[in-house]
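Peer 1: Let me see the structure of the following:
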Amino acid sequence: MTSHSSETPASAERSRTIHYHAPDTDKQALFARSGLEQLQAVATGKIPGPPISGHIGLDTVSLAEGDVVMTAVPDESHYNLIGSVHGGFFATVLDTVCGCAVHTTLPAGVGYTSLEIKVSFLRPITADTGPVTAHGWVTKRGKGVAFADADIRDQNGRVLATASSTCLIIHPRAAS
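Peer 2: Numbering: from 1, shown residues only. Next comes the predicted model:
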């Protein structure tokens, strides 16, 4: 929306700079590590994180097999028209921790992709909410599919949103 009513003053324009590294295109090098090793390398700064992390201010708190905790910092740049953080922020953070929890269970050379995610929005998030903590954990890992659950909590431990996700496990092609 670019037009404003003469009765409603335009809000002050703000800007936000996002820093990120171009994603690595060398899939062989990327998948030389197990999923847990890949995420540990990102968390320790040995390899750059994915570009999406810069958009939502995502940082790793802890990593274990099948269990991931991350924080994110919502701000006004994540707002929707009604003045609260857009549901896409919630969904992105929850999809990330669900997917990363699954990723920690994968051996070298194996990948995954999200098949579906169901998000339940329980409380609004605003810039005043402050940092939020997202926890994702694997509930069932099969050979071809994994299931994960997640939640986002505020600094007081109140649950703001929950999710359940199904991820497809992608095995390398067998040599012909």
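Peer 1: need the strands for this structure, in chain order.
Peer 2: Ranges of strands in the chain, per DSSP state E, are 59-64, 67-72, 111-121, 132-141, 145-153, 159-170.
Peer 1: Provide the strand pairings for the third one, with the direction of each partner.
Peer 2: As defined by DSSP bridges, the strand partners of strand 111-121 come to strand 159-170 (antiparallel).
Peer 1: what do you get for the fourth one?
Peer 2: With DSSP bridges as the criterion, the sheet partners recorded for strand 132-141 are strand 67-72 (antiparallel), strand 145-153 (antiparallel).
Peer 1: Other residues contacting that strand?
Peer 2: With C-beta atoms under 8 Å, 6 or more residues apart in numbering as the test, strand 132-141 has contacts from 61, 66-74, 93-94, 96-102, 104-105, 125, 146-155, 160, 164. Any C-beta I mention is one placed from the backbone N, CA and C, and that applies to glycine too.
Peer 1: tell me which residues in that strand are buried?
Peer 2: 132, 133, 134, 135, 136, 137, 138, 141 (16 or more other C-beta atoms under 10 Å).
Peer 1: where's residue 87 relative to residue 160, distance?
Peer 2: Distance from residue 87 to residue 160, counting by C-beta to C-beta, to the nearest Å: 11 Å.
Peer 1: Common neighbours of the two, please.
Peer 2: With C-beta under 8 Å, 6+ apart, residue 87 and residue 160 have common neighbours residue 121.
Peer 1: hang on, the earlier thing: need the strands paired with strand 132-141 in CSV (columns: distance to residue 12, mean pLDDT and mean neighbour count).
Peer 2: Output for the strands paired with strand 132-141, formatted as CSV (distance: least, C-beta to C-beta, whole Å; pLDDT from 0 to 100; neighbours: other C-beta atoms under 10 Å):
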stretch, distance to residue 12, mean pLDDT, mean neighbour count
strand 67-72, 24, 97, 22
strand 145-153, 29, 98, 22
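Peer 1: could I get these as a markdown table with distance to residue 83?
Peer 2: As requested, these are exported to a markdown table (distance: least, C-beta to C-beta, whole Å):
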| stretch | distance to residue 83 |
| --- | --- |
| strand 67-72 | 19 |
| strand 145-153 | 19 |
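Peer 1: looking at those strands, which is closest to residue 23?
Peer 2: strand 67-72 (18.5 Å; C-beta to C-beta).
Peer 1: now for the helix or strand bottoming out on mean pLDDT in the chain, which elements pack on it?
Peer 2: Using mean pLDDT, DSSP states H and E, helix 27-30 stands out as the lowest-scoring helix or strand of the chain, at a mean of 77. Contact partners of helix 27-30 among helices and strands, from 3 or more C-beta pairs under 8 Å, 6 or more residues apart in numbering; DSSP states H and E: none.
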